[in-house]
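Asks: Got a sequence here, can you build the structure:
(one chain, ligands or ions: 2)
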Amino acid sequence: MSKKPVRVAVTGAAGQIGYALLFRIASGEMLGKDQPVILQLLEIPDEKAQNALKGVIMELEDCAFPLLAGIEAHSDPMQAFKDTDYALLVGARPRGPGMERADLLAANAQIFTAQGKALNQVASRNVKVLVVGNPANTNAYIAMKSAPDLPAKNFTAMLRLDHNRAASQLAAKAGFKVGDVRKLTVWGNHSPTMYADYRFATVDGKSVKDMIDDQAWNKDVFLPTVGKRGAAIIAARGLSSAASAANAAIDHMRDWALGSQGEWVTMGVPSNGEYGIPKGIVFGFPVTTENGEYKIVDGLEIDAFSQERIDATLAELQGEQDGVKHLL
Ligand SMILES: NC(=O)C1=CN([C@@H]2O[C@H](COP(=O)(O)OP(=O)(O)OC[C@H]3O[C@@H](n4cnc5c(N)ncnc54)[C@H](O)[C@@H]3O)[C@@H](O)[C@H]2O)C=CC1
Ligand SMILES: O=C([O-])CC(=O)C(=O)O
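Replies: Ligands and ions are numbered 1, 2, ... in the order given. Down below sits the predicted model:
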């Protein structure tokens, strides 16, 4: 018997990430090839954006996806989030050359307050929320705080692009296949302060740290390359990353919904005090996922270098989250 359709809300649906994301959700790459979906798409109440959204919907129709059980276009989050099971909060202003993601805080904070409130009122009580719009960790924090009737653990931020970037850099350096790396993680904020950590990473049971054995490369090449990859893409393309961001959003939601089969993945999730991160801070952690729930990997040793990096990314996040207190 075929499964009942689930509702997937996507904001910023006519934007560049939206365009790389919706077709993959509709084809079953996110929730499985047996899971019908109803897309509930949100764009701003502006003629140009709504027209662009109409065009995207025409293209979705023209793909004749068998799993696409319905498409709705909205300009009001109270309608877009009605009964939604999954919410991908992508819609926000992206940064341009010379900006840091934190520069977007003021511009984007109000969006996530309003959307958090709407999710609180109308979404499924089990809604799984992924915040992609930058600054992603703090926007997820804002949405979570604006939705007090929903479980805090249901609000997550996207660190998966950083995780995937780290995997790819390591594979190029050490000469293994990117899909073979296990136990990699990225701690902290989706910003240049993030700490991509391969101390525990393995390929076929062998330590990636031992394979590379070069702390200077870690500190002076690897971490800056991963941390500043978003800016490098903006410099090259004139636009921020879109296809790789959409791909990471699919990876994040797929693993959360369908399980990571025991493997570590990175998710930005509200802390419960793990690794000394104060409760409620939305922080990148290594997690495993099963039955629609994630679990932070515990008991990892944090050496002095790692602690310094974790403290720095935490301090930045605390600064961002203090800066939006007046909105919450
Ligand atoms: N967490 C991550 O790893 C990444 C995050 N991003 C962020 O994702 C966001 C979207 O990026 P793009 O798609 O490239 O931008 P874009 O400008 O192409 O699209 C954004 C869309 O969101 C819409 N929008 C704005 N406010 C909205 C609201 N209140 N409700 C619904 N829709 C709204 C806009 O009309 C626009 O169509 C940006 O904040 C960008 O910085 C981008 C790449 C990676
Ligand atoms: O860098 C940006 O502004 C977009 C983004 O978050 C990324 O590519 O990691």
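
Asks: Kindly report the residues of this structure close to ligand 2.
Replies: 94-95, 101, 134, 161, 230-231, 233-234, 240-241, 245 (CB under 6 Å from any ligand atom). C-beta here means a position set from N, CA and C on the backbone, and glycine is covered the same way.

Asks: now do 5 Å
Replies: 95, 230, 240-241 (CB under 5 Å from any ligand atom).

Asks: Spell out which two among these are the most distant pair, please.
Replies: 95 and 241 (11.1 Å; CB to CB).

Asks: what sits in contact with each of these two?
Replies: Shared contacts of residue 95 and residue 241, defined by CB atoms under 8 Å, 6 or more residues apart in numbering, are found at residue 234.

Asks: Looking at those two, which has the bigger crowd around it?
Replies: Using other CB atoms under 10 Å, the more surrounded residue of residue 95 and residue 241 is residue 241, with 22 against 19.

Asks: got a list of what the residue nearest to the more buried one when sequence neighbours are not counted touches?
Replies: In this structure, residue 241 finds its nearest non-sequential neighbour in residue 233, 4.5 Å apart by CB to CB, 6 or more residues apart in numbering. For residue 233, the contact set (CB under 8 Å, 6+ apart) comprises 240-241, 244.

Asks: Let's see which of those end up in helices.
Replies: With helices taken from DSSP state H, the overlap with the contacts of residue 233 comprises residue 244.

Asks: Lowest-confidence entry in the contacts of residue 233?
Replies: Minimum pLDDT for the contacts of residue 233 is recorded at residue 240 (93).

Asks: hang on, the residue nearest to residue 241 in a helix?
Replies: Yes: counting by DSSP: H, G, I helix; E, B strand; the rest coil, one finds residue 233 located in a helix.

Asks: please begin residue numbering at 307 from this point
Replies: That works, and once the first residue is 307, the last one we named lands at residue 539.

Asks: With residue 550 as the reference, measure out to it.
Replies: Distance from residue 539 to residue 550, counting by CB to CB, to the nearest Å: 8 Å.

Asks: And residue 519, by the same measure?
Replies: Counting by CB to CB, the gap from residue 519 to residue 550 is 29 Å.

Asks: Comparing those two, which residue is more hemmed in?
Replies: Per other CB under 10 Å, whichever of residue 519 and residue 550 has more neighbours is residue 550, with 19 against 11.

Asks: residue ranges for the helices of the stretch 307-456 of the chain, please.
Replies: Ranges of helices in the stretch 307-456 of the chain, per DSSP state H, counting those that start in this stretch, are 322-332, 353-368, 383-386, 411-428, 442-451.

Asks: So which helix or strand of the protein has the lowest pLDDT on average?
Replies: helix 411-428 (a mean of 94; mean pLDDT, DSSP states H and E).

Asks: mind listing what residue 423 touches?
Replies: 452-453.

Asks: Next: the one 3 residues further on.
Replies: Residues in contact with residue 426 (CB under 8 Å, 6+ apart) are 452-456.

Asks: Could you do residue 334 as well?
Replies: Residue 334 neighbours (CB under 8 Å, 6+ apart): 340-341, 343, 371, 373.

Asks: Farthest-apart pair in the residues you listed, please.
Replies: 340 and 371 (13.2 Å).

Asks: who has more neighbours, the two?
Replies: Higher neighbour count among residue 340 and residue 371: residue 371, with 18 against 9, using other CB under 10 Å.

Asks: quick one, what contacts that one?
Replies: So residue 371 contacts 329, 332-334 (CB under 8 Å, 6+ apart).

Asks: and the stretch 357-506 of the chain, which of its residues are near ligand 1?
Replies: 397-398, 400, 417, 438-440, 442, 464, 467, 496.

Asks: Could you report the neighbour count for whatever residue of the stretch 507-634 of the chain ends up closest to ligand 1?
Replies: Proximity of the stretch 507-634 of the chain to ligand 1 (CB to the nearest ligand atom) peaks at residue 551, 3.5 Å away. Residues lying near residue 551 (other CB under 10 Å) number 24.

Asks: Tell me who's in contact with it.
Replies: Contacts of residue 551 (CB under 8 Å, 6+ apart): 323, 326, 438, 464, 467.

Asks: Farthest-apart pair in those residues, please.
Replies: For the contacts of residue 551, and using CB to CB, no pair is farther apart than 326 and 464, which are 13.7 Å apart.

Asks: out of all of them, which helix in this structure is the longest?
Replies: helix 610-629.

Asks: so how far is it off the chain centroid?
Replies: For helix 610-629, the separation from the chain centroid amounts to 19 Å (computed by CA atoms, centre = their mean, to the nearest Å).

Asks: Average pLDDT for it, rounded please.
Replies: 96.

Asks: list the helices and strands it packs on?
Replies: helix 442-451, strand 491-493, strand 501-503, strand 588-596 (3 or more CB pairs under 8 Å, 6 or more residues apart in numbering; DSSP states H and E).

Asks: burial measure for residue 526, as a count.
Replies: 11.
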